[in-house]
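S.K.: sequence plus the predicted model coming up.
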Amino acid sequence: MEILLAVPAVLLLLLVAVSIAYLQKKEQHNQESCRVRQQYENQRLTVINRNQRLGDRLTDLECEVTCLKQSVISERKLKAALKTENEAMQNLISSLRHEINELKAANRCNRAQPAQNWPGPGMFWEFNPATSHTPKPRSVVSKIRLATNKPGQGSKTSEHPTSDHQDIDVELLILNHFFEAFVDVSLDKLEVAKHIVQPIVNAIFGHMQTPQKPSEPRVVGEGPLKSGSVEEQLKVLHPDEFDYMFPIEMPHGVSLDFSFCHQISDFPKESYGFGMIAVQTVLGDSQDRFLKSFVEGKFLQADQMKNWFKGKTQKGIDHFNANKHTILRSTAMSSVNPVHCDITAIKLSEIGAGVCLTIKYKDASFSVDLIPSVKVEARGDMYLIPKPCKKEIWAGDKQVKRNSLWRLSFSMYEMKLMNILTKSLPSSCHTDSLKIVKALRDLDVDNNPSSQLSSVLTSYHLKSMLLQILLSDLRRAPSCLKDKWSRACLADRIKELLEVAQSSARSKELHHVFLCNDLKTLSLNNSDLHSLLGVPDWAVPRNDLGHVNLFSENFIDPNSLDQISARIKDIQEQWLNVIYRHVSPLSMKIMS
């Protein structure tokens, strides 16, 4: 009986268990269905997003294709315009040559008419009493005046001497007009710019020389060292950029020990041109504060020195602004009224090796680079500047901190070398060719707004290329140097400099003029150039180390050189047209 009563209970339990199992199974099935639906939804959204991205990419590609088509059309239009300009240039040259010949012929006919042999207006005579008592007319030296008159820009003129019996190279005539009227900076404009900039720089320099904290470096010397294109008389277009070096000494009780990468066998060739400054101090509180502020791992840190220099420069600017009228009144400013000088703003920014002042004066703007520099020896002009290396350096298996590396500056010796070569090549066109190529570089942004020429291909690079050409000519054929670089060969020298610039950018190879032994093997006036310049022997690598590449990754971004090479190639093809656009409309007048 009990068994019969227990059967329903067991059946009930079984039914409950089966129901629970069914419900669990159903729940699992529902969860699995939800998971599958969620997975399907995710995949569907992924496909939708992928299709959207593909659609966006397709739209972008269509835009790129449209842009490329427009670029091709623009390029064709540009080529057509350049062809038209080239034809106009040739027509201008032909018409000028024809006009010059007609005027010269008319001038000769007019002089053949007078019956008397005495000189008339604009004529010169030659008289030799040993052979004749009658004066003989010699070639009349006249001038050709060229003028460019652009609306709203006034007239830009230039004068060029010539003679009746001299064949005139019209292309050279136009090239000289472009140089004199547009490229070269007149001494008057340069003096005005100097009168504006120099008092400000001197005031900042003088303020930095006031007593400093015992734990800080100090600016030393009678004044800032002038360098750069203005000081080398290589500035083009506008006198708006100046460069100064501020010599720095360490506080009392701090001594420096210099080492250079090219002297240490573990350092790779890519590091040559850099050095390190080890610091040694005597015991003292001020020396300890100096070590904490400027030294890491016994080496003087470039960034800390730049930050200190930037702060001191800002204080110098504040001092000038607070005492501007007094400072300007005390300076001899013949071209600028010192009391009413319209200097509206002086802004400070950081650059690779120091700081840059942007001086606003009336409608003009001047860029002034101030570079802190540490002199290596009491005698000589070698300095280390806090310009960083662009990539990490490994000495063997040890990494060298970039902040411990300082760049060697040969700027003083570069100016000496240019002066020596200029004195040895009187009436040469080497500086004119460099200036014109620099101007073509700066004007390239007008033709191509995305051009990086002026920011990547620096004046230092172009000057190094010119020096390489001159030194190569001096080595191969010193007797032909003056003829090759005569003013009549200006166009050829411009082409050569552009060719060297293009090939150097294409090969990513530009040799440092001083970090090699070439100067020791070149003679000028019976002395080797290394001795004439007085470059210290320690500053030059050993003979077997080869050349240092200024276009290596340590000095420049190599990826930018591809665009530079393409832009220079374009300039090689169109530089005469660029000049034509700047000198036209052109008028000519022969003045006897």
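M.R.: Noted; the coordinates are in hand. Residues are numbered from 1 along each chain as shown.
S.K.: so where's the stretch 201-350 of the chain shaky on pLDDT?
M.R.: Residue ranges of the stretch 201-350 of the chain with pLDDT under 70: 282-283, 285, 330-341.
S.K.: strands along that one, start to end?
M.R.: 218-219, 225-227, 241-249, 254-260, 274-281, 295-296, 299-300, 343-350 (DSSP state E, counting those that start in this stretch).
S.K.: how about those strands, which one is nearest residue 535?
M.R.: strand 254-260 (13.3 Å; Cβ to Cβ). No exception for glycine: its C-beta is placed from N, CA and C like everyone else's.
S.K.: given the closest one, what are its sheet partners and their directions?
M.R.: In the sheet, strand 254-260 lines up against strand 274-281 (antiparallel) (DSSP bridges).
S.K.: which positions in the partner strand come out as buried?
M.R.: 274-277, 279, 281 (16 or more other Cβ atoms under 10 Å).
S.K.: before we move on, back to that, could you dump the strands of the stretch 201-350 of the chain to a markdown table with distance to residue 512?
M.R.: Converted to a markdown table, the strands of the stretch 201-350 of the chain look like this (distance: least, Cβ to Cβ, whole Å):
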| stretch | distance to residue 512 |
| --- | --- |
| strand 218-219 | 29 |
| strand 225-227 | 17 |
| strand 241-249 | 19 |
| strand 254-260 | 13 |
| strand 274-281 | 12 |
| strand 295-296 | 28 |
| strand 299-300 | 24 |
| strand 343-350 | 26 |
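S.K.: lowest-confidence helix or strand of this structure?
M.R.: None of the helices or strands of the chain scores lower by mean pLDDT, DSSP states H and E than strand 125-126, at a mean of 29.
S.K.: residue closest to the middle of this structure?
M.R.: Residue closest to the average C-alpha location in the chain (Cα atoms, centre = their mean): residue 458, at 2.2 Å.
S.K.: out of everything not next to it in sequence, what's closest to residue 352?
M.R.: Nearest non-adjacent residue to residue 352, counting by Cβ to Cβ, 6 or more residues apart in numbering: residue 387, 5.1 Å away.
S.K.: quick check: residue 531 is in a helix.
M.R.: Yes - counting by DSSP: H, G, I helix; E, B strand; the rest coil, residue 531 is part of a helix.
S.K.: that one and residue 568, how far apart?
M.R.: Distance of residue 531 to residue 568, given as Cβ to Cβ, to the nearest Å: 35 Å.
S.K.: who has more neighbours out of the two?
M.R.: residue 568 (26 against 11; other Cβ atoms under 10 Å).
S.K.: ok, the residue lying closest to the more buried one once chain neighbours are set aside - contacts?
M.R.: Spatially, and ignoring its direct neighbours in sequence, residue 568 is nearest to residue 502 (4.2 Å; Cβ to Cβ, 6+ apart). Residue 502 makes contact with 565, 568-569, 572 under the criterion Cβ atoms under 8 Å, 6 or more residues apart in numbering.
S.K.: now do residue 485
M.R.: Residue 485 neighbours (Cβ under 8 Å, 6+ apart): 425, 428-430, 470, 473, 493.
S.K.: give me phi/psi at it?
M.R.: phi -100, psi 20 (degrees, to the nearest 10).
S.K.: which non-adjacent residue is nearest it?
M.R.: Nearest to residue 485 is residue 428, by Cβ to Cβ, 6+ apart, at 4.4 Å.
S.K.: tell me the pLDDT of the residue nearest to the centre of the chain.
M.R.: Note for residue 458: predicted pLDDT of 91.
S.K.: just give me the neighbour total for residue 194.
M.R.: Neighbours around residue 194, by other Cβ under 10 Å: 18.
S.K.: and the host helix or strand of it, what does it pack against?
M.R.: Residue 194 is part of helix 187-208, with elements assigned from DSSP states H and E. If contacts are counted by 3 or more Cβ pairs under 8 Å, 6 or more residues apart in numbering; DSSP states H and E, helix 187-208 sits against strand 218-219, strand 241-249, helix 302-322, helix 324-329, strand 343-350, strand 355-361, strand 364-375.
S.K.: now the ones you listed in JSON lines, with distance to residue 550 and mean neighbour count?
M.R.: Shown next, in JSON lines, are those (distance: least, Cβ to Cβ, whole Å; neighbours: other Cβ atoms under 10 Å):
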{"stretch": "strand 218-219", "distance to residue 550": "29", "mean neighbour count": "19"}
{"stretch": "strand 241-249", "distance to residue 550": "18", "mean neighbour count": "22"}
{"stretch": "helix 302-322", "distance to residue 550": "19", "mean neighbour count": "18"}
{"stretch": "helix 324-329", "distance to residue 550": "39", "mean neighbour count": "16"}
{"stretch": "strand 343-350", "distance to residue 550": "23", "mean neighbour count": "14"}
{"stretch": "strand 355-361", "distance to residue 550": "22", "mean neighbour count": "19"}
{"stretch": "strand 364-375", "distance to residue 550": "18", "mean neighbour count": "21"}
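S.K.: can I get these in CSV with distance to residue 265?
M.R.: What follows is the helices and strands packed on helix 187-208, written out as CSV (distance: least, Cβ to Cβ, whole Å):
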stretch, distance to residue 265
strand 218-219, 35
strand 241-249, 30
helix 302-322, 24
helix 324-329, 52
strand 343-350, 35
strand 355-361, 36
strand 364-375, 24
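S.K.: which one of these lies closest to residue 391?
M.R.: helix 302-322 (15.1 Å).
S.K.: with just CA atoms, put that closest one into PDB.
M.R.: Taking Å, rounded to 0.1, in the frame of the first residue of the first chain, the C-alpha atoms of helix 302-322 are listed here in PDB:
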ATOM      1  CA  ALA A 302      72.000  71.300 -24.800                       C
ATOM      2  CA  ASP A 303      68.300  71.600 -24.100                       C
ATOM      3  CA  GLN A 304      68.800  73.000 -20.600                       C
ATOM      4  CA  MET A 305      71.200  75.600 -22.000                       C
ATOM      5  CA  LYS A 306      68.700  76.600 -24.600                       C
ATOM      6  CA  ASN A 307      65.900  76.900 -22.000                       C
ATOM      7  CA  TRP A 308      68.100  79.100 -19.800                       C
ATOM      8  CA  PHE A 309      69.100  81.200 -22.900                       C
ATOM      9  CA  LYS A 310      65.500  81.700 -23.900                       C
ATOM     10  CA  GLY A 311      64.600  82.900 -20.500                       C
ATOM     11  CA  LYS A 312      67.400  85.400 -20.400                       C
ATOM     12  CA  THR A 313      66.600  86.600 -23.900                       C
ATOM     13  CA  GLN A 314      63.000  87.300 -22.800                       C
ATOM     14  CA  LYS A 315      64.200  89.300 -19.900                       C
ATOM     15  CA  GLY A 316      66.500  91.200 -22.300                       C
ATOM     16  CA  ILE A 317      63.400  92.000 -24.500                       C
ATOM     17  CA  ASP A 318      61.500  93.200 -21.500                       C
ATOM     18  CA  HIS A 319      64.400  95.400 -20.500                       C
ATOM     19  CA  PHE A 320      64.500  96.900 -24.000                       C
ATOM     20  CA  ASN A 321      60.700  97.500 -24.100                       C
ATOM     21  CA  ALA A 322      60.900  99.200 -20.800                       C
END
